[in-house]
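Visitor: Attaching a predicted model along with its sequence, questions to come.
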Amino acid sequence: MDLMQIIRIAMRALARNKLRSSLTMLGIIIGVGAVIAMVSVGQGAQEQAQQQIAAMGSNMLFVGAGTVTRGGMHMGWGATKTLVYADMQAILRECPAVKAAAPGSQTSAQVVFGNDNWATQINGTEPQYFEIRTWPFAEGTSFTQEDVEMAANVAVIGETVRKNLFGATDPIGQTIRINNLPFRVVGVLLPKGTSAAMGQDQDDIVLVPITTLQKKITGQDWLRWIMVSAVSRQSSYTAQQQITSLLRDRHRIRPGQDDDFMVRNLADMADLADQQARLFTVLLASIASISLLVGGIGIMNIMLVSVTERTREIGIRMAIGATEGDVQQQFLIEAIVLSLLGGAIGIFLGVTVSYLITETLGWPVLVSPTAIVTAVMFSMAVGIFFGFYPARKAARLDPIEALRYE
């Protein structure tokens, strides 16, 4: 008996009990659909986390002023004043794994335009900051290095500041006031959204030349941070070691003493976010797989009932020449067909539910071909695993006893 003939017999046997076959497939349908939907949610969360981190910058390292203990009180980061512009120049000069660097300091201030005002963060930096952060412009351009050298009163604003101060008005060329100082808006940045690391609105910001901030707003001559871009993501770890060693030497920090700065690598954050998202995906998939297990048990149960109901049929087939292998193959294929049909419908259900989740809840989902292929293979494996025992039982029936069965 060839394979196609066995498949046709299996399909006819399943068609004789359409309702029972449909209810048997239901467990597989729900299981496969749940696995695909849950894996899609997990992978969507993973992709979103990676995009948020990638939006922070290209192969970026954050070098920040460190902490200090004063009068028994441990101050937060940025409390030291030892990170200076010369440190950034030394990093560019003496760290081969570093591609670019931008200095920075910051403060908070009320920004005024016309009758509107907005409390926001004022950052001072240099033009290369926008390249390191991979932050393009929606309108206008960056301030120039000449603006930095002249401590010019020019500003680049984020989308949140633009929306709250200007509304429908074009901000380019307009004058805003920061601490009663006039600043001409030269550029508006494209929105980046919430920071994956800090959870803050990255678009709620005004950027001015570092010299302008230090000389006209804060009066500080030290840096709060230095944004560094490594040559590649792999070399970011080398750059981190080079920067740490260089700054410890420049700041005369003895062995065993704590750093008065910190170096944070975004690659570490990306890896951590990836691990967390993978764990989340595996957890969701594991929970959903319970439905597949229940569906497989349902297949085994129905196939055992089918073997009992068709005992006489099995005896007749064996009497006219069917071998144990033919009988076992027939019942095994019936179980596999049930699983694959349920899996096919489950794939459609899972993809549909995934997009419904996005439409109704706004959660990011990523339906990957790998998840679909895995679900199909898993459903086939369920059919083989749970169909093997009933098929083996049918094949081992004594033909004479089977013929006598009523």
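Guide: That came through fine.

Visitor: what does the helix or strand in which residue 243 is found contact?
Guide: Assigned by DSSP states H and E, residue 243 belongs to helix 235-250. With C-beta atoms under 8 Å, 6 or more residues apart in numbering as the test, helix 235-250 has contacts from 59-61, 63, 83, 86-87, 90-91, 94-98, 228, 230-231, 259, 261, 263, 265-267. C-beta: built from backbone N, CA, C; applies to glycine.

Visitor: For those residues, which ChimeraX command selects only the ones that are buried?
Guide: Selection of buried members from these for ChimeraX, criterion 16 or more other C-beta atoms under 10 Å:
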select :59,60,61,63,83,87,90,91,95,97,98,228,230,231,261,263,265,266,267
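
Visitor: returning to that earlier point: pull out the buried residues from the helix holding residue 243.
Guide: For helix 235-250, by 16+ other C-beta under 10 Å, it's 235-236, 238-240, 242-244, 246-248, 250.

Visitor: If you average pLDDT per helix and strand, which one of the chain comes out bottom?
Guide: strand 73-74 (a mean of 45; mean pLDDT, DSSP states H and E).

Visitor: in the stretch 251-400 of the chain, which ranges drop under the pLDDT threshold?
Guide: Low-confidence segments of the stretch 251-400 of the chain (pLDDT under 70): 267-274, 276-277, 280, 284, 288, 309-310, 314, 322, 397-400.

Visitor: where along it do the strands fall?
Guide: 261-265 (DSSP state E, counting those that start in this stretch).

Visitor: where along it do the helices fall?
Guide: All helices of the stretch 251-400 of the chain, identified by DSSP state H, counting those that start in this stretch, fall at 266-309, 311-319, 324-361, 369-395, 399-404.

Visitor: need these in JSON lines with distance to residue 205, can you?
Guide: Shown next, in JSON lines, are the helices of the stretch 251-400 of the chain (distance: least, C-beta to C-beta, whole Å):
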{"stretch": "helix 266-309", "distance to residue 205": "18"}
{"stretch": "helix 311-319", "distance to residue 205": "76"}
{"stretch": "helix 324-361", "distance to residue 205": "30"}
{"stretch": "helix 369-395", "distance to residue 205": "38"}
{"stretch": "helix 399-404", "distance to residue 205": "81"}
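
Visitor: and of these, who's closest to residue 158?
Guide: Closest to residue 158 of those is helix 266-309 (C-beta to C-beta; 19.7 Å).

Visitor: still on that earlier bit, please flag which of the contacts of helix 235-250 sit within strands.
Guide: 60-61, 63, 98, 228, 230, 261, 263, 265 (DSSP state E).

Visitor: circling back: return the closest of the buried residues of helix 235-250 with respect to residue 391.
Guide: Nearest member of those to residue 391, counting by C-beta to C-beta, is residue 236, at 55.9 Å.

Visitor: Going by neighbour count, which residues of stretch 346-356 are buried?
Guide: Neighbour-count burial for stretch 346-356 [16+ other C-beta under 10 Å]: 346-347, 349-351, 353-354.

Visitor: what sits up against that stretch?
Guide: By C-beta under 8 Å, 6+ apart, stretch 346-356 touches 28-37, 40-41, 365, 367, 372, 375-376, 379.

Visitor: Surely residue 128 is in contact with residue 100?
Guide: Yes - with contact defined as C-beta atoms under 8 Å, residue 128 counts as touching residue 100 (5.3 Å).

Visitor: hang on, the earlier thing: please tabulate the buried residues of stretch 346-356 in TSV, including the columns distance to residue 312.
Guide: Shown next, in TSV, are the buried residues of stretch 346-356 (distance: C-beta to C-beta, whole Å):
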residue	distance to residue 312
346	34
347	37
349	38
350	40
351	43
353	43
354	46
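
Visitor: Go through those residues and name the one nearest residue 115.
Guide: Among these, and counting by C-beta to C-beta, the member closest to residue 115 is residue 354, at 47.2 Å.

Visitor: quick one: the closest one from residue 33, how far?
Guide: Noted for residue 354: a distance of 9 Å to residue 33, by C-beta to C-beta, to the nearest Å.

Visitor: and if you look at residue 261?
Guide: Distance from residue 261 to residue 33, by C-beta to C-beta: 52 Å.

Visitor: again with residue 119
Guide: Distance from residue 119 to residue 33, by C-beta to C-beta: 48 Å.

Visitor: which of those two has more neighbours?
Guide: Taking other C-beta atoms under 10 Å, residue 119 and residue 33 do not tie; residue 33 has more neighbours (25 against 10).

Visitor: secondary structure element for the more buried one?
Guide: helix 18-56.

Visitor: same for that helix, what does it pack against?
Guide: In terms of contacts (3 or more C-beta pairs under 8 Å, 6 or more residues apart in numbering; DSSP states H and E), helix 18-56 is packed against helix 266-309, helix 324-361, helix 369-395.

Visitor: burial of residue 93, as a residue count?
Guide: 9.

Visitor: Same check on residue 338?
Guide: 28.

Visitor: Now stretch 373-380: buried residues?
Guide: Within stretch 373-380, the residues scored as buried using 16+ other C-beta under 10 Å are 374-376, 378-379.

Visitor: same question, stretch 182-200
Guide: 183, 185-189, 192, 196.

Visitor: ok, now stretch 206-222?
Guide: 206-214, 216-218, 222.

Visitor: Adding distance to residue 325 and pLDDT, write these out as CSV.
Guide: Output for the buried residues of stretch 206-222, formatted as CSV (distance: C-beta to C-beta, whole Å; pLDDT from 0 to 100):
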residue, distance to residue 325, pLDDT
206, 78, 95
207, 76, 96
208, 82, 96
209, 83, 96
210, 81, 95
211, 86, 95
212, 85, 95
213, 83, 95
214, 85, 94
216, 90, 93
217, 86, 93
218, 85, 91
222, 83, 90
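
Visitor: Out of those, which is nearest to residue 8?
Guide: Once C-beta to C-beta is applied, the member of the buried residues of stretch 206-222 that ends up nearest residue 8 is residue 207, at 72.0 Å.

Visitor: isn't that closest one right next to residue 126, touching?
Guide: No - counting by C-beta under 8 Å, residue 207 sits too far from residue 126 to count as a contact (9.8 Å).
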